[in-house]
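Novice: A structural model of the following input is requested.
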Amino acid sequence: MPTYRSDTPSHPPVSFPEYRSNVLRAPHRPFVLLPQRLGEITGPLLGEGRVGPHDNDLTLGHDGEPQGQRIIVSGRVLDGDGRPVAGTLLEVWQANAGGRYRHDADRHPAPLDPHFTGVGRTITDAEGRYSFTTIHPGAYPWRNHDNAWRPAHIHFSLFGTAFTQRLITQMYFPGDPLFDQDPIFNSVRDPKARAAMVARFDLGTTVPEWALGYRWDIVLRGKNPTPLEEEDDDE
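Specialist: Residues are numbered from 1 along each chain as shown. Just a heads-up that it's a prediction; the model follows:
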């Protein structure tokens with residue numbers, strides 16, 4: 001049976017002191033590497049039956065249009081050898097255009113949008129392709145350090161070819177002025193790996209007079225994987 005590839009040093013460390021709450025919850029003992037077993041690749045899969053026809057459009061399903069800049073985020077999910085990962089469940093969640101999550105624990109004094117819940121999901125096609133229609137999220141404060149603000153981002157969760165190959169990460173937008181002071185973004189120490197978390201503007205998927213397009217490919221493991229990131233407390 002094949003074994004998993006080791007993660008590269010491009011991933012952030014388990015404990016990163018600049019991210020204050022991470023230090024309190026990070027493991028203090030070495031990880032124990034478990035061997036891959038047959039049940040991981042023959043176990044339950046999260047397939048098409050769990051996804052509705054419009055689950056990938058976060059602007060639908062409400063009584064009106066959400067506020068903010070409409071965007072289309074699309075790309076491919078690839079394995080470590082560049083092959084498409086077909087049929088994988090991909091989920092997203094994000095803040096609204098004002099930088100607020102639809103969550104009871106979010107106390108940021110920005111308005112809630114009654115026409116935006118900020119969650120969606122889809123299944124990759126045979127070529128590993130996915131697409132989400134949503135609203136550009138806003139930045140928000142998070143009290144990690146003095147005058148701390150998170151850059152605009154969208155959370156992604158997806159599964160590879162086995163149930164245990166779940167990746168949770170964050171996609172960022174090009175040119176954000178908050179990158180330099182964000183410890184979560186900078187916990188990824190390799191500049192090339194950090195760049196892999198930033199989507200690029202894509203005129204080809206931009207719809208005239210309707211939505212801006214962004215392209216972001218996700219690589220599971222391999223030589224140049226998409227970094228696995230910690231989640232911040234406000235999410």
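
Novice: Grab the longest strand from this protein for me.
Specialist: Of all segments of type strand in the chain, defined using DSSP state E, the longest is strand 70-79.

Novice: Show me what that strand packs onto, helices and strands only.
Specialist: Other helices and strands packing on strand 70-79, by 3 or more CB pairs under 8 Å, 6 or more residues apart in numbering; DSSP states H and E, are strand 129-135, strand 212-215, strand 218-220. Bear in mind the C-beta positions are built from the backbone N, C-alpha and C, glycine included.

Novice: which intervals of the protein have sub-threshold pLDDT?
Specialist: Where the chain drops to pLDDT under 70, the residues are 1-11, 13, 15, 17, 20, 23, 39-48, 160-165, 221-225, 228-235.

Novice: Now do the helices in it.
Specialist: Under the criterion DSSP state H, the chain contains helices at 20-25, 38-42, 183-186, 191-196.

Novice: contacts for the third one?
Specialist: Taking contacts as CB atoms under 8 Å, 6 or more residues apart in numbering, the residues outside helix 183-186 that touch it are 16, 18-19, 144-145, 150-151, 170, 172, 179-180, 194, 197, 229-230, 232.

Novice: ok, back up a step: mind putting the helices and strands packed on strand 70-79 into TSV with distance to residue 67 and mean neighbour count?
Specialist: Compiled in TSV, the helices and strands packed on strand 70-79 are given as follows (distance: least, CB to CB, whole Å; neighbours: other CB atoms under 10 Å):
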stretch	distance to residue 67	mean neighbour count
strand 129-135	7	21
strand 212-215	16	18
strand 218-220	28	22
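
Novice: In a markdown table: those, plus distance to residue 188.
Specialist: Below are the helices and strands packed on strand 70-79 laid out as a markdown table (distance: least, CB to CB, whole Å):
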| stretch | distance to residue 188 |
| --- | --- |
| strand 129-135 | 22 |
| strand 212-215 | 19 |
| strand 218-220 | 14 |
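
Novice: what's the closest of those to residue 12?
Specialist: Among the helices and strands packed on strand 70-79, the nearest to residue 12 by CB to CB is strand 218-220 (16.0 Å).

Novice: State the distance from residue 124 to residue 22.
Specialist: Separation of residue 124 from residue 22 (CB to CB, to the nearest Å) stands at 30 Å.

Novice: Point to the residue nearest the middle of this structure.
Specialist: Within the chain, one residue has its C-alpha closest to the average C-alpha position: by CA atoms, centre = their mean, that is residue 156, at 2.5 Å.

Novice: was I right about residue 193 contacting residue 227?
Specialist: Yes: judged on CB atoms under 8 Å, residue 193 makes contact with residue 227 at a distance of 5.0 Å.
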